[in-house]
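Undergrad: Provided below for reference: sequence and predicted model.
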Amino acid sequence: MKTHPCPKCNTSMDEGYMSWSGSGQSGYVSKKQTGMLRVVTKITLARACPNCGYVEMYLDPQELKGRIG
């Protein structure tokens, strides 16, 4: 597994995912989405630094582009 250094302190980051419900499903909703129904784009990867606490999250950019036009 490739390691990724923290951009703040250069410590090797831990890789996982965001989970709000405990199910492993979390997501992002763009403010650019309009209308009554806003669709969640699933966050597919997250990394956290065990040294300084920095967190980064990733989603499928093509999926997001399809939702916001």
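TA: Perfect, thanks for sending it. Residues are numbered from 1 along each chain as shown.

Undergrad: CA only for contacts and neighbour counts going forward, please
TA: Fine.

Undergrad: Please report how far the closest residue in space to Leu59 that isn't next to it in sequence lies from Thr11.
TA: In space, and not counting its chain neighbours, Leu59 is closest to Ile43: 4.6 Å by Cα to Cα, 6 or more residues apart in numbering. For Ile43, the distance to Thr11 equals 23 Å [Cα to Cα, to the nearest Å].

Undergrad: Looking at these two, which one has more neighbours?
TA: Neighbour totals were compared for Ile43 and Thr11, and Ile43 leads with 18 against 15 (other Cα atoms under 10 Å).

Undergrad: Next, the contact list for the more buried one, please.
TA: By Cα atoms under 8 Å, 6 or more residues apart in numbering, the residues touching Ile43 are Tyr17, Met18, Gln25, Ser26, Gly27, Tyr28, Met57, Tyr58, Leu59, Asp60.

Undergrad: quick one: secondary structure of it?
TA: Assigned with DSSP: H, G, I helix; E, B strand; the rest coil, Ile43 falls in the strand class.

Undergrad: Spatially central residue in this structure, please.
TA: Residue closest to the average C-alpha location in the chain (Cα atoms, centre = their mean): Met57, at 2.6 Å.

Undergrad: Next SSE downstream of the helix or strand harbouring that residue?
TA: Secondary structure from DSSP states H and E places Met57 in strand 55-59. Using DSSP H and E, the helix or strand that follows strand 55-59 in sequence is helix 61-68.
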